[in-house]
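**Q** I'll drop the sequence and a predicted model, then ask my questions.
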Amino acid sequence: MTQPSVVHATFTIDRAYDAPPARVFAAWATAEAKARWFAGPDGWQAEIRELDFRVGGRERLRGVFPGGRSSDFRAHYFDIVPEQRIVYAYEMHMNDRRISVSLATIEFRPAGAGTRLAVTEQGAFLDGYDDAGGREQGTRWLLDKVDQALGTS
């Protein structure tokens, strides 16, 4: 049996969107809007999608890749300031194995007629199944999809 391990890492991504903070925040706040961008790559199929967007609420997105491998995102919301900030903790599972536990902070700031968005993630990556570089790359990909969902790209 392999010895359990953990690697801690933090990253921050800053993005600009050509939409006001209320509109960018709304992309995170409702199940319908979030489903437009928060999903796996082509071929990935959602099995469970739940969003209870409130302080104390939970979110879950479980899906399956071609070939049967599954991913499962399970989050708990700790702080929500409309149009300004979202703080949540989440765990990621692959094939029912927990691969990471993270704290994510999303900040929305007015920037002219648009929004400056900052995502900061502090992660504990478990047993070598994931790492901060891969997670940051995946988060950047999702933030591109937010831009597409807003229709500003």
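**A** Nice, thanks for sending it over.
**Q** okay, now Val146: neighbour count?
**A** Neighbours of Val146 under the rule other Cβ atoms under 10 Å: 22. In short, each C-beta sits where N, CA and C put it, glycine included.
**Q** Hmm, it is touching Phe25, no?
**A** No: taking contacts as Cβ atoms under 8 Å, Val146 lies outside contact range of Phe25: 10.9 Å.
**Q** Please, where are all the helices along the chain?
**A** With helices called from DSSP state H, the chain shows them at 21-29, 31-35, 132-150.
**Q** possible to save those as JSON lines with distance to Arg97?
**A** What follows is the helices of the chain, written out as JSON lines (distance: least, Cβ to Cβ, whole Å):
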{"stretch": "helix 21-29", "distance to Arg97": "27"}
{"stretch": "helix 31-35", "distance to Arg97": "25"}
{"stretch": "helix 132-150", "distance to Arg97": "15"}
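**Q** Out of those, indicate the one that is most buried.
**A** Across the helices of the chain, averaging neighbours per residue (mean count of other Cβ atoms under 10 Å) puts helix 21-29 on top, at a mean of 19.
**Q** other SSEs contacting that helix?
**A** helix 31-35, strand 97-111, strand 114-126, helix 132-150 (3 or more Cβ pairs under 8 Å, 6 or more residues apart in numbering; DSSP states H and E).
**Q** what's the angle between the longest one and helix 21-29?
**A** Spelled out, it's helix 132-150. If you take axes from the mean of the first three to the mean of the last three Cα atoms, to 10 degrees, helix 132-150 sits at 120 degrees to helix 21-29.
**Q** Remind me what helix 132-150 packs against, helices and strands.
**A** Identification of packing neighbours for helix 132-150 by 3+ Cβ pairs under 8 Å, 6+ apart yields strand 6-17, helix 21-29, strand 114-126.
**Q** what residues are up against the closest residue to Thr30 other than its chain neighbours?
**A** Setting aside the residues directly before and after it, Thr30 is nearest to Phe53 in space (Cβ to Cβ, 6 or more residues apart in numbering), at 7.0 Å. Applying Cβ atoms under 8 Å, 6 or more residues apart in numbering, we find Phe53 in contact with 28-31, 59, 77, 80.
**Q** Phe53 and Ala19, how far apart?
**A** 19 Å (Cβ to Cβ, to the nearest Å).
**Q** And Leu143, by the same measure?
**A** 13 Å.
**Q** next one: Arg135
**A** 25 Å.
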